[in-house]
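Asker: What follows is a predicted structure for the sequence shown.
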Amino acid sequence: MALNYAAVLGYLERNPSEVECLATDLIELSTRQNFALWLAYGAVYRVWARSASGDTTEGISWIEDGIGDFRATVLGAGLATIARIKGGSVASSWSYLQSA
């Protein structure tokens, strides 16, 4: 979490080189430890840093990938939580969310 908050501060300071360095560290740590949510955050920070540094062509495709990864991660975590609360399965939670 510390790498995440440091990257946010770098973003708020508009310091793309610092954010890219922190994002790389966050991605590496998250990959090794299988932290899917933090991996998605790291990807989003890396995209911003690259785009802010002028690499907009690569940045756009990474933005699309990062958004997809982030949505999948957050949705998966939400479904698992709902399943635990309801005492059911992830599939039944998905049905529950679709009907809401």
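Answerer: That came through fine.

Asker: Now do the helices for the chain: every range, in order, please.
Answerer: For the chain, helices defined by DSSP state H occupy the ranges 2-12, 16-33, 36-52, 56-86, 90-99.

Asker: tell me, which of those helices is the model least confident about?
Answerer: The minimum mean pLDDT among the helices of the chain belongs to helix 90-99 (a mean of 53).

Asker: Now G59: closest residue in space that isn't a chain neighbour?
Answerer: S51 (3.5 Å; Cβ to Cβ, 6 or more residues apart in numbering). C-betas here are computed from N, CA, C, even on glycine.

Asker: got it, and R14?
Answerer: Distances taken as Cβ to Cβ, 6+ apart place A52 nearest to R14, at 7.2 Å, with adjacent residues excluded.

Asker: ok, now E20?
Answerer: Nearest to E20 is A49, by Cβ to Cβ, 6+ apart, at 3.7 Å.

Asker: The one you found is in contact with T24, isn't it?
Answerer: No - look at A49 against T24 with Cβ atoms under 8 Å: they stay out of range, at 9.1 Å.

Asker: so how many other residues sit close to the residue nearest to E20?
Answerer: 24 (other Cβ atoms under 10 Å).

Asker: related to what we said a few turns ago, contacts only, for the residue nearest to G59.
Answerer: Applying Cβ atoms under 8 Å, 6 or more residues apart in numbering to S51 gives the contacts G59, I60, I63.

Asker: quick one: the last one from A36, how far?
Answerer: Translated: I63. With distances taken as Cβ to Cβ, to the nearest Å, I63 is found 18 Å from A36.

Asker: And for the first one?
Answerer: G59 is 22 Å from A36, where distance means Cβ to Cβ.

Asker: ok, now the second one?
Answerer: Separation of I60 from A36 (Cβ to Cβ): 23 Å.
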